[in-house]
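[1] model this:
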Amino acid sequence: MAQRSQDRTDRGHRRGGAEVSARAASPTAIGEELRRLTDGVAERAHEAIDRIAERPVQAGALPPLTLREMCDLSAIEDRAAGRLSNREAPDELRADHEEIASALRSTIGAAEEERDYATVNLLSEILREQEEQLWILRRTLAEGRADAAL
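    Have a look, this model is predicted:
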């Protein structure tokens with residue numbers, strides 16, 4: 001049985017007139033792709049947070065020391081009211097990334113006005129990475145929806 005299932009996956013099959021890999025079209029495969037994507041996003045987010053947190057200290061400011069201070073400084077608000085379903089989470093992740101990119105653009109503008117070019121460069125690099133992740137996320141979500149429709 002497992003071999004027959006694997007043969008079907010390797011050959012692909014026709015659904016709705018289109019040749020589709022059974023593995024690529026399965027909800028499990030789409031979920032696995034999103035899991036890999038979000039794991040990578042989380043790693044890059046931690047790296048970006050560290051780089052951003054170091055910048056004010058390099059410029060002579062005191063860092064926030066408590067969780068409350070960090071939350072008070074945050075420009076990003078949690079929109080989710082509780083746990084999200086598996087169908088809601090990817091769209092919420094996309095919206096979060098769009099909000100972060102917008103906040104980065106705004107902060108880059110403020111840093112440019114202050115002629116803080118080190119911060120502009122740092123945030124511009126992080127924005128570039130953020131926009132790349134957003135593009136990958138949008139593409140993955142679109143492919144998953146297209147596969148699910150077949």
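
[2] can you give me the strands in the protein?
    13-15, 18-20 (DSSP state E).

[3] what about the last one, average pLDDT?
    Looking back up the chat, that one is strand 18-20. Strand 18-20 comes out with an average pLDDT of 38.

[4] okay, and for the chain, where does confidence drop off?
    Along the chain, the model assigns pLDDT under 70 to residues 1-31, 79-80, 145-150.

[5] The same query, at a cut-off of 80, please.
    1-38, 40-41, 75-82, 84-87, 89, 143-150 (pLDDT under 80).

[6] How about residues contacting stretch 53-66?
    With contacts defined as CB atoms under 8 Å, 6 or more residues apart in numbering, stretch 53-66 is touched by 70, 72-73, 116, 118-119, 122. For glycine as for every other residue, the C-beta is placed from the backbone atoms N, C-alpha and C.

[7] taking those as a set, which two sit the farthest apart in space?
    Across the contacts of stretch 53-66, no pair lies farther apart than Asp72 and Ala118, at 24.4 Å, counting by CB to CB.

[8] picking that back up, what would the contacts of stretch 53-66 look like in a markdown table with neighbour count?
    Output for these, formatted as a markdown table (neighbours: other CB atoms under 10 Å):
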| residue | neighbour count |
| --- | --- |
| Met70 | 13 |
| Asp72 | 9 |
| Leu73 | 10 |
| Asp116 | 16 |
| Ala118 | 11 |
| Thr119 | 20 |
| Leu122 | 19 |
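
[9] Distance to Gln58 for those residues - can I get that in TSV?
    Putting the contacts of stretch 53-66 into TSV (distance: CB to CB, whole Å) gives the following:
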residue	distance to Gln58
Met70	18
Asp72	21
Leu73	17
Asp116	11
Ala118	8
Thr119	9
Leu122	10
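
[10] So which of the residues you listed belong to helices?
    70, 72-73, 118-119, 122 (DSSP state H).

[11] how many neighbours does Thr66 have?
    Residues lying near Thr66 (other CB atoms under 10 Å) number 8.

[12] my bad, Asp96
    17.
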